[in-house]
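Q: Have a look; sequence and predicted model below, questions after that.
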Amino acid sequence: MKNTTCFLAFSALLLTSFSCSNNDKDSPVDPGTVTDPVETNAPNSAYKPAFEGQTRINGIKTNTSYQGIVVTSALAAPWGVKSLPDGRLLITEKAGQMRIVTTAGVVSSPITGIPAVNASGQGGLLGLCLDPEFASNKMIYWVFSEATTGGNNTAVAKGKLSTDEKTIEGATVIYRAKPANPSNLHYGGRILFDKTGNLVVSTGERSVLETRPLAQSVSSGLGKVVRLTKEGQPASGNPVFTGTGALAELYSIGHRNPQGLALHPVTGEIWESEHGPRGGDEINRLKAGANFGWPTITYGIEYSGEKVGAGIQQQNGLEQPVYYWDPVVSPSGMTFYSGNRVPEWENNLFIGALSGMHIVRLAIENNKVIGEERLLVSENQRFRDITQGNDGTLYAVTDQGRLYKIDKK
């Protein structure tokens, strides 16, 4: 108990010094009250972190009074949410629908014109993003699981929202992560525009043992983050991977099931969340040309309890996660907070947790996590995605069909 008290006092001193002397906009002014670590359950493994603070960091508590309000419960397994220029929310539903929801909770009829999805297992209509020029061109980009010869693909499509907002015009598939496989798991499925105006897309390694090694293969689109033009071609400036048949669209490799992507509001860097097996959920700061290790290194174990591969967590040339969880929280969609309504949240990372059934808040300083908080735990919801609205508040969707607005009271 004495050591814990000293640690908390030291952490509080550090956080105070950050708020008083660090003018870097990457840091929150005051992330809140320091508490014990939020994770109290035993880990699945005895693996040790590579550095202090890589897991089970001290907890923090938001001092500003906030609340999560249910805007609507009328959605059907929503998967992705993005704010439209006028403040309404564009939402994908797993079965293949896209809808527009007002901040008052009015849900539109399904938008037509979307290619068919294979919604079995973890598949369906997945992440989405708006063209940077959406206000004038009405273009939408989305990821979905596509049934094809040989199984299923993680696919990317684009199309124009009609003037009456009832249909997608000219829907076209612009990219497929190959090879196809009959598995209906681990599609990845997030998409965003980076600061250069190119698309960044996450793909899963499809879960089965036969495709798992393809996360390390530079000639496969599985278990990757790829960077594309608006036409689905490899973007200029992509890193060059060595190896036979190396794909020009690759940005980073060695991913398991990356279901979250977010741009840091200050640096413009791409951050990613990734599902581990039993343990080993990760938050990564992506680097062009980097290998994030799956399945060679991981902080998780097989669902059977056996080691994954050689059971190692570090290897030269393979990136370490910024943060990991054991046991898992199942991190999905995520966003950085750049609003000013809750000062403690400035530049913090918010992640929807599925099995964890809460929203994770991570305070980050100099690319390291300095505190973790769990929000909306009492709601008992599987939080699938979260975004910041044009009104400066957070909006989150859950597998159970809810849209939440999260803001100060």
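A: Now that the structure is in, tell me what you want to look at. Numbers count the residues shown, from 1 in each chain.
Q: which residues does residue 59 bridge with?
A: residue 35, residue 372 (DSSP bridges).
Q: can you pull the pLDDT of it?
A: Listed pLDDT for residue 59 reads 98.
Q: what's the neighbour count on it?
A: Residue 59 has 19 neighbours, counted by other Cβ atoms under 10 Å. Bear in mind the C-beta positions are built from the backbone N, C-alpha and C, glycine included.
Q: show me the contacts for it.
A: 34, 35, 36, 37, 38, 371, 372, 373 (Cβ atoms under 8 Å, 6 or more residues apart in numbering).
Q: Redo those residues as CSV? Include neighbour count.
A: Below are these laid out as CSV (neighbours: other Cβ atoms under 10 Å):
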residue, neighbour count
34, 21
35, 15
36, 12
37, 14
38, 21
371, 27
372, 23
373, 24
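Q: nearest to residue 88, of those?
A: Nearest to residue 88 out of the contacts of residue 59 is residue 373 (Cβ to Cβ; 28.6 Å).
Q: my guess is that closest one meets residue 64, correct?
A: No: look at residue 373 against residue 64 with Cβ atoms under 8 Å: they stay out of range, at 12.0 Å.
Q: Go through the contacts of residue 59 and name the one nearest residue 256.
A: Nearest member of the contacts of residue 59 to residue 256, counting by Cβ to Cβ, is residue 372, at 21.3 Å.
Q: any idea how far residue 286 is from that closest one?
A: Computed as Cβ to Cβ, to the nearest Å, the residue 372 to residue 286 distance reads 21 Å.
Q: cool, and residue 139?
A: Between residue 139 and residue 286 the computed distance is 24 Å (Cβ to Cβ).
Q: burial of the residue lying closest to residue 238 once chain neighbours are set aside, as a residue count?
A: Sequence neighbours aside, residue 227 is the residue nearest to residue 238 in space, at 5.4 Å (criterion: Cβ to Cβ, 6 or more residues apart in numbering). Number of residues near residue 227 (other Cβ under 10 Å) recorded here: 25.
Q: Do a quick rundown of the strands in the stretch 101-250 of the chain.
A: Applying DSSP state E, counting those that start in this stretch to the stretch 101-250 of the chain gives strands spanning 125-130, 139-148, 151-161, 168-181, 188-193, 199-203, 224-228, 250-253.
Q: Which strands and helices lie in contact with the first one?
A: Strand 125-130 sits against strand 78-83, strand 89-93, strand 139-148, strand 188-193, with contacts defined as 3 or more Cβ pairs under 8 Å, 6 or more residues apart in numbering; DSSP states H and E.
Q: now do 6 Å
A: For strand 125-130, the packing partners by 3 or more Cβ pairs under 6 Å, 6 or more residues apart in numbering; DSSP states H and E come out as strand 78-83, strand 139-148, strand 188-193.
Q: Can you tell me what sits against the longest one?
A: Residues outside strand 139-148 that contact it (Cβ atoms under 6 Å, 6 or more residues apart in numbering): 117-118, 123, 125-129, 131, 152-153, 155-158, 160-161, 180, 187, 189, 191.
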